[in-house]
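**Student:** Predicted model follows, preceded by the sequence.
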2 protein chains.
Amino acid sequence: MTRYQHLAELLAQRIEQGLYLSGERLPSVRTLSSEHGVSISTVQQAYHLLEERRLITPQPRSGYFVTPHKAEPPVPPLTRPAQRPVEITQWDAVLELLNARQEKDVLQLGSGMPDLNQPTLKPLWKIMSRIGHQQDVRMLNYDNIYGVPELREQIARLAVDGGCHLVPEDIVITTGCHEALSVSIRAVCQPGDIVAVESPTFHGTMQSLRGFGIKAIEIPTDSETGISLEALELALEQWPIKAVVVVPNCNNPLGFIMPEARKRALLALAQRFDVAIVEDDVYGELAYEYPRPSTIKSFDDEGRVLLCSSFSKTVAPGLRVGWVVPGRYLDRVLHMKYIVTGSTATQTQMAAAEFVRLGHYPAHLRRMRQHYQRNLEIFTHWVRHYFPCGICVTRPQGGFLMWIELPEAFDAVRLNKELREAKLQVAVGSLFSASGKYRNCLRLSYAQPFTEKTGRALEILGAAVERAMEQCGIATPLSLKAQEGRISMGEEN
Amino acid sequence: MTRYQHLAELLAQRIEQGLYLSGERLPSVRTLSSEHGVSISTVQQAYHLLEERRLITPQPRSGYFVTPHKAEPPVPPLTRPAQRPVEITQWDAVLELLNARQEKDVLQLGSGMPDLNQPTLKPLWKIMSRIGHQQDVRMLNYDNIYGVPELREQIARLAVDGGCHLVPEDIVITTGCHEALSVSIRAVCQPGDIVAVESPTFHGTMQSLRGFGIKAIEIPTDSETGISLEALELALEQWPIKAVVVVPNCNNPLGFIMPEARKRALLALAQRFDVAIVEDDVYGELAYEYPRPSTIKSFDDEGRVLLCSSFSKTVAPGLRVGWVVPGRYLDRVLHMKYIVTGSTATQTQMAAAEFVRLGHYPAHLRRMRQHYQRNLEIFTHWVRHYFPCGICVTRPQGGFLMWIELPEAFDAVRLNKELREAKLQVAVGSLFSASGKYRNCLRLSYAQPFTEKTGRALEILGAAVERAMEQCGIATPLSLKAQEGRISMGEEN
């Protein structure tokens, strides 16, 4: 590290630690030079570097200032979807999203891919290579329909963290959480049935409902506490709902963790109306709080909850190893699993089982939680920095997904079309609604390490959002530029 | 090899070559002793060995005779299922079969597992180990919904052998042929629809129909030429059938290859009645004839046929790598694939792609075809030997499955219960019928190398069948014992 890089690093740390406050004037070049015993040009180079990183902003004839944080944007308010069962649309948009994944030079800012470059994943490669070496014919053969016993044992052990006391026989391995959700829904519903979902909700779940000819009723959902139990109760009274699908822990896309009392209340509602709960816990292990939050399943002593999860977000989606704890619906789930894939790939199941058994999983999980939580801070900072005001942003409590709500008139579908030129794509909010609501919302992922490229992407995105807002005639009086104007006059936001 | 083993081997060869004919008296011990210059006891030991192997039979005071071949049993006649759509049953029986797979010390004589111990599979292990070494992050990531491009390219190349000229974009990779069939059926049918199937037909297909609330109409099927086109035409005239599911090449369970003219006629029928054809080609590459038979898909220029296959029977089922060529139904198939598993495991797809790309696949396939064809001969021999007369046996033209039809009153479900004590299970015929027909039939697999254990298993099975037939009051005048009685009187069968 050169002298000026070293100095820049030191100053950046001070800014981060709050020793220099947001909007504060930094020491003059001369002061720093004598304080640190370095040349004037070294200080200038250091300041230049920090400016490039947008940590500081020069003001003509005033020196450098710590780039101010904008006011924390509010969280999105309770959603207000139509309170009646609807046919699910949006498949075309989902397919477009899936196809966009194939375009390699496009930065997928909205994708649900975890970061796969952390060193704590290395042991998985070794395990995979070892399986090749061992030449155990079992790895090439059909697994049984329940999944390999070794893996079911490890998953039973892991489930304790979420408050579940399981035996391996309670668990059915699936080809990712996708299959877990799909077989669970089919196990508890018939075509024509109605299922209640959070709004917004994961598009995969919604398309599964659609594929099986099931209607969805979208329930208002709070971005901090989850599905509205009041609205759900009304819906349960009014419609012959068969099941409720929820993502109570590190919700996709809203990022909330449902408070435990609300989880219990939701279960009580399900009992009262005799409906099943399909609980998607795929991000649950990535909660920033420790110990991780409980699953609804952990309060369920009737086998009413079908707990679905996978290693796709925590370890590697390419393994396609998920599971379902189907409770009283075991028989139907087995049937659905049988007709859908028969069994799950043996070798990838064994690789996952070994990764957990040898103790690599908790270490990896710890690292990923920290990584995502840190990324969230950086990401939030830059979103605030580059995006215009007048937006709402979630405060994810786990996972790596952020939901941004823009003014009602905003069209994120059009935005995405524009972004294509800049080789950038976000996940459009309407994917997450049965009826195509939330066109004014975006889902962003902060899974990948924050690089210069990410920074530039957020800058482009922020500018595009601002432009689009102006085009729709949405006033952005507190946009970045306006703010900068105020800063230069010494005002603070 | 000791002297007597050597002599026994020589005699066995002569019997096999027909130098000693079926039922013929063998040279006396004394003659052989002087002819080969060995001791009397050596000849006696050799004869004893051949007797153990059931190649020769001693007759009191007459010496040894070549154990006669029984008359070749006839093939099963055209099946006669009920000609109306039925709700599919038998899930409990299928589940029982699947559960039985878990019992490790039980010999699964009815299973659809290929032989995984051939040396031509070794390169696959190396490839798997290499993938672990290379640490290419792509292997851990979500694959796109279509499947990895490298694999689709290889499958397009392989499809030429079946007469199909495809581009990679025509192919969607699935989690085994199971998922291919499942998504194909769902792509062309709605709940409540009717689908025509061969009778008997693969239980996985049938359970998929059931799982989606689809009814099946079982069409009479000939064990040598396939589905009766006449019966199918009548059914198409009478019922609003949406699709026909067939296994025209190396049929499971009947083993036939449908003659090309009949394949074309089937397609013409589908065109006339505007129904889709789901073509299960999973055993097609294992045809004993060379070049392999054409797929119906190869005659289809309207995209009406959904061709389904996998590497499960040819390479390794544990990979769970299959595919579908969905023709005009691509969009619906993608939707179904998306909701069912999202994408297929990346690493196993790449392993399969590399196995084909590096040229290991044709060599392996050649070996497996020969292996299965040879096993069929041995198996047929011993089935004839140990089973009572009055049975019908298929003449498989590929694959590794044999279908045995016993007299109408026979109950294979009960037989299987009895066999449990002997740690032996067959696949009961009723699994292969929507309405539970074919309780008098068994499916046997001759995939695994024939060992002493297999021989003993067939002996036990044959004896159990004979006993069961006697118990149901089915006359077995030509049973082995009766035959032996006749042999001793010098008669030939």
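**Tutor:** Yep, it's here. Residues are numbered from 1 along each chain as shown, chains lettered A, B, ... in the order given.
**Student:** In the stretch 1-150 of chain A, what residue spans correspond to strands?
**Tutor:** Counting by DSSP state E, counting those that start in this stretch, residue ranges of the strands within the stretch 1-150 of chain A are A:56-59, A:63-66, A:107-108.
**Student:** correction: the stretch 151-300 of chain A
**Tutor:** In the stretch 151-300 of chain A, the strands defined using DSSP E, counting those that start in this stretch lie at A:172-174, A:194-199, A:215-222, A:226-227, A:241-246, A:276-280.
**Student:** mind checking which of those strands is nearest chain B?
**Tutor:** Among those, strand A:172-174 comes nearest to chain B, with 8.3 Å by CB to the nearest CB. Just so you know, the C-beta spots here come from the backbone N, C-alpha and C atoms, and that holds for glycine as well.
**Student:** Partner strands of that closest one and their direction?
**Tutor:** strand A:322-325 (antiparallel) (DSSP bridges).
**Student:** remind me which residues of the stretch 101-250 of chain A are low pLDDT?
**Tutor:** Nowhere does the stretch 101-250 of chain A drop to pLDDT under 70.
**Student:** If you could redo that for the stretch 251-400 of chain A, that was the one I meant.
**Tutor:** Those would be none, if you go by pLDDT under 70 across the stretch 251-400 of chain A.
**Student:** Chain B contacts on that one?
**Tutor:** Within the stretch 251-400 of chain A, the positions adjacent to chain B are A:312, A:315-320, A:331, A:334-336, A:338-348 by CB under 8 Å from any CB of the partner chain.
**Student:** which residue packs closest to residue A:84, ignoring adjacent ones?
**Tutor:** For residue A:84, ignoring the flanking residues on the chain, the nearest one in space by CB to CB, 6 or more residues apart in numbering or on different chains is residue A:217 at 6.5 Å.
**Student:** close enough to count as contact, the one you found and residue A:195?
**Tutor:** Yes: here residue A:217 reaches residue A:195: they are 7.4 Å apart, a contact under CB atoms under 8 Å.
**Student:** Can you give the contact residues for the strand or helix carrying residue A:403?
**Tutor:** Under the assignment given by DSSP states H and E, the secondary-structure element containing residue A:403 is strand A:401-405. Contacts of strand A:401-405 with the rest of the structure, by CB atoms under 8 Å, 6 or more residues apart in numbering or on different chains, involve A:76, A:112, A:200, A:223, A:252-255, A:283, A:376, A:379-380, A:383, A:387, A:391-394, A:396, A:429, A:438, A:440-446.
**Student:** Give me the subset of those lying in helices.
**Tutor:** A:376, A:379-380, A:383 (DSSP state H).
**Student:** Take those residues and lay them out in JSON lines including neighbour count and distance to residue B:120.
**Tutor:** Listed next are the ones in helices among the contacts of strand A:401-405 as JSON lines, based on neighbours: other CB atoms under 10 Å in any protein chain shown; distance: CB to CB, whole Å:
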{"residue": "A:376", "neighbour count": "21", "distance to residue B:120": "51"}
{"residue": "A:379", "neighbour count": "22", "distance to residue B:120": "51"}
{"residue": "A:380", "neighbour count": "19", "distance to residue B:120": "56"}
{"residue": "A:383", "neighbour count": "21", "distance to residue B:120": "55"}
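**Student:** of all those residues, which comes closest to residue B:64?
**Tutor:** residue A:376 (85.2 Å; CB to CB).
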